[in-house]
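Participant: sequence first, then the predicted structure, then my questions.
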Amino acid sequence: MASKRLSVCLASALSAAALPAAAAEVQRPFLVHDVAVRQTNEQIRLKGQVNYAVSEVVMSGYGSAIRRFLVRPGSEVKAGDVMAEVDTAYPSLMLWHFKAQQVIDGKRISAAEGEVAFRQRAFERAEQLVEKGLSPPSALATASAAVEAARGALGGLRIAAIATERQVEDWTAKVKQASFLAPVAGKVIEMGVNPAQVSGTYRSSGPMLIARVVVPGRYKVKAKALASQRARLDRGMKCFVLVSRGSSARPCQLTAIPTVQVTSKQTGQDPSATVSGFDVEAEFTSKLVLPPDVEVELLLTRPTGRHVAVPVEAIIATSAGDFVDRAAKGPDGGLGWDRVPVEVVASGESFAAVSGSLKAGDRVRVPL
């Protein structure tokens, strides 16, 4: 189509006399591009790193001897699968001990409650005898002290029972931990052994297992953005991940754009000078197996409307502003160029939306 035609012209073939002074300085080959109105998008590119979106680490800190490995790196597991058989003798023994203590605590509390009831009845009997003049007033004080002592003993036993209950919960968790169960359904990517470690008063007599289970195909990207870009970002922007140059963009979902604001009242400084940047996070899926911490590019886009669009290479940036070379008739009627100012509204990878005196149908020069 004529409106889309790109003509290749050589600047060396043009006479310097036929060009304005601003254009005569360019002696490079160029393309002539027909300006058109098109839908343009604002783009923000951020560098980031990829990691797994779901990654759980499990440790067997209270196992003694490793009996048998049931999975290895690369194995698929379901949540709750046993990944290794570990000797759980010590945590199991401690769990049994505190469960037995719970039974003893219960019997002691029952006996103490009976003692409180007995002492309360004795106090009431002493009150009646004192009222009738059959016992001295000191007998009532003695009975009251006995009631308080019984209640204090009961309170101490109940506190001890609560401590025992917490120990049972703690050691139940430790037995489960020593059982080395898969925390989520996914793939085992790491499985290692650490030397025996001290934990509280117990020193494990064997190694400690550490494994990492991830959900394959689900990834997250954490990218660093500048504080000056915060106002331009929102969750409604389209999100793409570029793993490498030339690769297709993978759609992603923005999951975190921090909204922390620093005011000059809090810092006494310009807010933009107090925050150097913040993290933007997104998630995406991919059938490719991506290594952790691989660097990628996060591309965020937002439509900016229909504007006069020119190739990015056609824009000439100077200290006085941005310009483009627009085709015009030279003094002798030949091809010439006028340098006209433009204002960049939004810039994409190939085209920039501009405002100014350019209009659809104009022709601009794009250096090769």
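Facilitator: Done, it's in.
Participant: helices of this structure, start to end?
Facilitator: For the chain, the helices defined by DSSP state H cover 21-24, 89-132, 137-178, 264-267, 271-274.
Participant: from Val35, how far out is the most centrally placed residue in the chain?
Facilitator: Geometric centre of the chain, nearest residue: Glu281, 5.7 Å, by Cα atoms, centre = their mean. Relative to Val35, Glu281 is positioned 39 Å away (Cβ to Cβ, to the nearest Å). Glycine gets a C-beta too; all of them are placed from N, C-alpha and C.
Participant: that older thread, tell me the bridge partners for the residue nearest to the centre of the chain.
Facilitator: Judged by DSSP bridges, the bridge partners of Glu281 are Lys222, Ala256.
Participant: count of neighbours near Gly333?
Facilitator: Residues lying near Gly333 (other Cβ atoms under 10 Å) number 8.
Participant: my bad, should have said Lys359
Facilitator: In terms of burial, Lys359 registers 11 neighbours under the definition other Cβ under 10 Å.
Participant: for beta bridges, what are the partners of the spatially closest residue to it that is not a sequence neighbour?
Facilitator: Nearest non-adjacent residue to Lys359, counting by Cβ to Cβ, 6 or more residues apart in numbering: Val308, 6.6 Å away. As for beta bridges, Val308 partners with Val37, Val354 under DSSP bridges.
Participant: hmm, back to that, the residue nearest to the centre of the chain: what's it in contact with?
Facilitator: Contacts for Glu281 (Cβ atoms under 8 Å, 6 or more residues apart in numbering) come out as Lys220, Val221, Lys222, Ala223, Leu254, Thr255, Ala256.
Participant: 10 Å instead?
Facilitator: 48, 53, 220-223, 252-258, 298 (Cβ atoms under 10 Å, 6 or more residues apart in numbering).
Participant: again, but for Ala249
Facilitator: Contacts of Ala249 (Cβ under 10 Å, 6+ apart): Lys238, Cys239, Phe240, Val241, Leu242, Val243, Glu297, Leu299, Thr301.
Participant: confidence-wise, which of the residues you listed comes last?
Facilitator: Within these, the minimum per-residue pLDDT falls on Val243 (80).
Participant: the residue nearest to that residue when sequence neighbours are not counted and Gln43, how far apart?
Facilitator: Once flanking residues are discounted, Val243 sits nearest to Val296: 5.3 Å by Cβ to Cβ, 6+ apart. Using Cβ to Cβ, Val296 is found at 16 Å from Gln43.
Participant: who's more crowded, those two?
Facilitator: Val296 (22 against 17).
Participant: who does the more buried one bridge with?
Facilitator: Gly48.
Participant: distance of it from Lys187?
Facilitator: As for Val296, its distance to Lys187 is 21 Å (criterion: Cβ to Cβ).
Participant: pull out the buried residues from the contacts of Glu281.
Facilitator: Buried subset of the contacts of Glu281 (neighbour count, 16 or more other Cβ atoms under 10 Å): Gly48, Ala53, Lys220, Val221, Lys222, Ala223, Cys252, Leu254, Ile257, Leu298.
Participant: what residue ranges in the chain score low on pLDDT?
Facilitator: By pLDDT under 70, the weakly predicted segments of the chain are 1-27, 60-65, 177-178, 194-208, 245-247, 258-277, 348-349.
Participant: how is it divided into domains?
Facilitator: As given by automatic domain parsing, the domain ranges for the chain are 1-51+215-368, 55-212.
Participant: tally of neighbours for the nearest residue to Leu181 once chain neighbours are set aside?
Facilitator: Spatial nearest neighbour of Leu181, excluding adjacent residues (Cβ to Cβ, 6+ apart): Gly80 at 5.4 Å. Counted with other Cβ under 10 Å, residues neighbouring Gly80 total 11.
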